[in-house]
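Enquirer: Would you be able to build a 3D model of this:
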Amino acid sequence: MIQVVILPETYGTSTDGHQYTLPPNVVLLLVRDGTARLLDLDGYFHAVSATGAKMLQETLRCNPEAAAERVAAEYGADVSQVRADLSLFLVDLERRGLVRRSRGRWGRAGTMLASLLLTSSLRCVELGARFSEAKPLILLTLAYLSFRLFGWTRTVASWQRYFGEVASPQSSQESEGVARAIDSAVRATAARHVLNVGCKERSLTCWALTRSARLPTTLVLGVDLFPLASHCWCELDSLVLTDFEDRCERFTPVLRYG
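Expert: Reported below is the predicted structural model:
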């Protein structure tokens, strides 16, 4: 069972004095048995032992030196040995892109570039396909390309800035019918799409279309620990969109985007 979800911003950023932080696309999941899972939102899981989870959490909370001292005191271990083990552990995580020392100007530039390109693309889709049946196809294609070029975090952040506002939501009597119609259109289009679009593309497209239709839907990312897997879907209150409800029930929601 997942007890704690630690996001990149949970303990601040490297500019706040922390030597190590989680990259924007990585989430740390602390499990009840003391172990942890590092979820790369672009599709990979990494299991971490209980000792490793403790060392990583303390490192993110403060710094490696203080983390080594705290872990050594808790386990009654030699601090120099813990310091050496932690150093190797962090080098491996950094090599895998699961932690980082600082964001750097290139990281900020990449985020700005992704935002500019995706916002421009979404505006073109809205203007050119506002009343077109091809809109689900275009958005599914754009979502597919966005995830592969910019990753989950930058893609969702850009789409959320564009589609996030729902100024005057539809009444509850109208909303379910509209949501189901959009859901059906997205599923049908995805089924015959030439690209291998999956749950991420379906859920993001459905979320964008329903937000455009003034429905306060939520994009959900869920995790199943046994076996390790993640899944995405869209929700309107208790109505599950883009997948079957019983399939989504096995996943514990860890991130929600409104």
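Enquirer: what's the burial count for Glu65?
Expert: Residues lying near Glu65 (other CB atoms under 10 Å) number 13. Heads up, the C-betas are built off the backbone N, CA and C, glycines and all.
Enquirer: That one contacts Leu86, correct?
Expert: No: Glu65 is not in contact with Leu86 according to CB atoms under 8 Å; the separation is 9.2 Å.
Enquirer: what's the offset of the helix or strand where Arg161 lies from the middle of its chain?
Expert: Per DSSP states H and E, Arg161 falls inside helix 135-163. Distance, stretch centre to chain centre, for helix 135-163: 12 Å (CA atoms, centre = their mean, to the nearest Å).
Enquirer: same for whichever helix or strand comes after it, what does it pack against?
Expert: With elements assigned by DSSP H and E, the helix or strand that comes after helix 135-163 is helix 172-191. In terms of contacts (3 or more CB pairs under 8 Å, 6 or more residues apart in numbering; DSSP states H and E), helix 172-191 is packed against helix 135-163, helix 199-212, strand 229-236, strand 239-241.
Enquirer: which one of these has the most crowded surroundings?
Expert: helix 199-212 (a mean of 26; mean count of other CB atoms under 10 Å).
Enquirer: pLDDT averaged over it - what is it?
Expert: The average pLDDT within helix 199-212 is 96.
Enquirer: any weak-confidence spans in the stretch 151-258 of the chain?
Expert: Along the stretch 151-258 of the chain, the parts satisfying pLDDT under 70 run over 167-173.
Enquirer: same thing but 90
Expert: Within the stretch 151-258 of the chain, the segments meeting pLDDT under 90 span 154, 161-175, 213-214, 225-228, 258.
Enquirer: Then the stretch 1-150 of the chain?
Expert: For the stretch 1-150 of the chain, residues meeting the criterion pLDDT under 90 lie at 1, 8-19, 24, 42-44, 62, 101-134, 149-150.
Enquirer: show me where it has helices.
Expert: Along the stretch 1-150 of the chain, counting by DSSP state H, counting those that start in this stretch, helices occupy 50-61, 64-75, 79-95, 104-128, 135-163.
Enquirer: These: which one's closest to Leu225?
Expert: Across the helices of the stretch 1-150 of the chain, Leu225 has its closest neighbour in helix 50-61 (13.4 Å, CB to CB).
Enquirer: circling back to that earlier point, make a markdown table out of the helices of the stretch 1-150 of the chain and add distance to Cys199.
Expert: Shown next, in a markdown table, are the helices of the stretch 1-150 of the chain (distance: least, CB to CB, whole Å):
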| stretch | distance to Cys199 |
| --- | --- |
| helix 50-61 | 27 |
| helix 64-75 | 36 |
| helix 79-95 | 27 |
| helix 104-128 | 20 |
| helix 135-163 | 11 |
